[in-house]
Structure formats: structure tokens, C-alpha cells
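Visitor: Just the structure for this:
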Amino acid sequence: MAVLAPLTVSSLLLGSVALTVGSAQAAPSATCTVKQSTQAGKFNVSGKDFKPGKTILVEGGNSTATLKANANGEFSVTDFFPAGEVTAVQIGGHSVTCGTVKQTEQKDAQNQYRMGYRQGVADTKADCKKNAPKQGVAALDPNYEKGYNAGAAAVLASALCKG
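Guide: You can find the predicted model right below:
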């Protein structure tokens, strides 16, 4: 019995040490995203949780950009990226998939439609009249306009405006 007690205590201590060492060596999980830029044909790739000050290579199709992560382990680059997959590789580290330009374009189109729909509903509910969609100073996004018109039509067809 005296022999088992030291073994049990010993394995508990070793297990504790192993957990501490393992968590101290674990690197943060770096992530990155692709978003449509306001500049025609360009996309913004941004990342976080990379090693601060280390070089990062962002690749997408035939386009590459080399930059350094800032003191917080973040980076951002705007460039022309073709429709393929965009990745970020920290030199001496792992590759992180940021997404594809096509996925980003589809998501942006869905977001524009959703925003337009909400605004079309809000504007039409106010006076039960279809108003012209307005989005801001930039040219009206066609997906926003489609959403706006669909939202306005839904309100006009509802019991809210029938009376």
C-alpha cells in the first residue's frame, strides 16, 4: 500500500505538469476572411491571431501579397484575387484558408438583398406607399434594390396596407 501511494501522487503530478506544458506551447488559432472591397474588382483579406511581426503570404489564384502581422497579430490587404480559394500562410507556420472570392460575392449579394428588404418594409409600413429605394451616396446595389422592392411589395400586399 505504501508503494501505491507514491505512484498515484507521482502520476497526478506528472499529469498536471504535462497539461501545463501542453497549454503553454499551444499557438492561438489564426483565422482570416475575404470581404468585397469598395474598390471595383478588389477584395479585402484580413486575419487575426497570427504571430505579431511575422511575415504573412496571402495567396489567391495568381495573386500574392506579402506583409507583416501587426503587434496584435492582425493583418489586412486589399488586392485583386481571382475566383479561387484565398489562403494566408505565416512564414514558418501553418496555412489558413480564408474563403473564396465567389463565396464572398454570394454572401455580399445576400446581405445587400436582406438590407434592402428590411428597408423596403420599414419605408412602406410608414405610409403604405412604395417609395424609391435609397442606399446612400454610392450607386444603388442591384441586390439591395431587388430586396427593397420585394420588401415594399410584401407590405403593400399585407393586411397592414389593405383597408
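
Visitor: Could you pull out the buried residues of the lengthiest helix in the chain?
Guide: Taking DSSP state H as the criterion, the chain has its longest helix at helix 101-127. Within helix 101-127, the residues scored as buried using 16 or more other Cβ atoms under 10 Å are 101, 104, 109, 112-113, 115-117, 119-121, 123-124. In short, each C-beta sits where N, CA and C put it, glycine included.

Visitor: cool, stretch 94-102 as well?
Guide: Applying 16+ other Cβ under 10 Å to stretch 94-102 flags 96, 98, 99, 100, 101 as buried.

Visitor: Identify the residues contacting the fourth one.
Guide: Read that as residue 100. 34, 83, 84, 85, 86 (Cβ atoms under 8 Å, 6 or more residues apart in numbering).

Visitor: For the closest residue to the fourth one other than its chain neighbours, give its distance to residue 129.
Guide: If I follow you right, that is residue 85. Spatially, and ignoring its direct neighbours in sequence, residue 85 is nearest to residue 100 (5.1 Å; Cβ to Cβ, 6 or more residues apart in numbering). Applying Cβ to Cβ, to the nearest Å, one obtains 41 Å for the distance of residue 100 from residue 129.

Visitor: same check, this time on residue 34
Guide: Taking Cβ to Cβ, one finds residue 34 at 40 Å from residue 129.

Visitor: before we move on, what about residue 93?
Guide: The spacing between residue 93 and residue 129, counted by Cβ to Cβ, is 57 Å.

Visitor: of those two, who's got more company?
Guide: The neighbour comparison of residue 93 against residue 129 (other Cβ atoms under 10 Å) goes to residue 93, with 15 against 11.

Visitor: Which residue lies closest in space to that one, excluding its sequence neighbours?
Guide: Nearest non-adjacent residue to residue 93 (Cβ to Cβ, 6+ apart): residue 51, at 6.8 Å.

Visitor: Would it be right to say that residue 78 lies in a strand?
Guide: Yes: per DSSP: H, G, I helix; E, B strand; the rest coil, residue 78 lies within a strand segment.
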